[in-house]
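Asker: Got a predicted model here, sequence first, then my questions.
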Amino acid sequence: MAILIKRYANRKLYDTVAKRYVTLDDLEAMIRAGKEVAVRDVATGEDLTPVILTQIMLMRERGGRVALPNAFLHQLIRHGGAWQGFMARGLAATLEGVVASQREANRIVREWSVRAGLAGDDAAPRRAQKKARVKKGGPRKPSRT
């Protein structure tokens, strides 16, 4: 369930769960931590979530890089709602693909780790077997004397 954030006429944002005022940075941190937020205008009840999330994305410059170039944003505004809807659907589909690829990559890495004896419940027995092979005359490091 999304955390309700109320936006007041003075543009302040209030977290109804933590019962405190929050900043855009706070909202960004909450989202990065896996929480969902829903932003509502107190006076009208209007859902401002897309506006606030877009503001977080576009207003943040990381290391001098702007999220989207000015020329692209101008074209997006010039060509109106149809273009914006197309872009929103395209970006959503792309993001879903990236997330699915990340999940698959994580699954493969976990599987390889288990097979290599680096992770999972069977890691300890595999390490013990490896130690036993070394003690029985397997490769050893040269001793310093």
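Answerer: Arrived safely.
Asker: So what pairs up with residue 13 in the strands?
Answerer: residue 7, residue 22 (DSSP bridges).
Asker: List the residues that contact it.
Answerer: Counting by CB atoms under 8 Å, 6 or more residues apart in numbering, residue 13 makes contact with 5, 6, 7, 21, 22, 23, 24, 26, 27, 39, 52. Every C-beta, even on glycine, is put in place using the N, C-alpha and C of the backbone.
Asker: ok, of those, which come out buried?
Answerer: Among the contacts of residue 13, those scoring as buried are 5, 6, 7, 22, 26, 27, 39, 52 (criterion: 16 or more other CB atoms under 10 Å).
Asker: about what we covered before: how about the contacts of residue 13 in a markdown table, adding pLDDT and distance to residue 74?
Answerer: A markdown table is the format used below for these (pLDDT from 0 to 100; distance: CB to CB, whole Å):
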| residue | pLDDT | distance to residue 74 |
| --- | --- | --- |
| 5 | 97 | 30 |
| 6 | 97 | 33 |
| 7 | 96 | 27 |
| 21 | 97 | 34 |
| 22 | 97 | 31 |
| 23 | 94 | 28 |
| 24 | 91 | 23 |
| 26 | 94 | 30 |
| 27 | 94 | 27 |
| 39 | 97 | 26 |
| 52 | 91 | 22 |
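Asker: Residue 89: which of the buried ones among the contacts of residue 13 is nearest?
Answerer: residue 52 (20.6 Å; CB to CB).
Asker: First residue to last residue on stretch 29-38, what's the distance there?
Answerer: 14 Å (CA to CA, to the nearest Å).
Asker: Over to stretch 71-90?
Answerer: Using CA to CA, first and last residues of stretch 71-90 are 19 Å apart.
Asker: pLDDT on stretch 68-79, on average?
Answerer: Here stretch 68-79 scores 75 as its mean pLDDT.
Asker: So which residues of this structure form helices?
Answerer: Using DSSP state H, the helices of the chain run over residues 24-32, 49-59, 70-78, 80-116, 123-135.
Asker: And these: which comes nearest residue 14?
Answerer: helix 24-32 (11.0 Å).
Asker: and the gap between residue 110 and residue 44?
Answerer: 47 Å (CB to CB, to the nearest Å).
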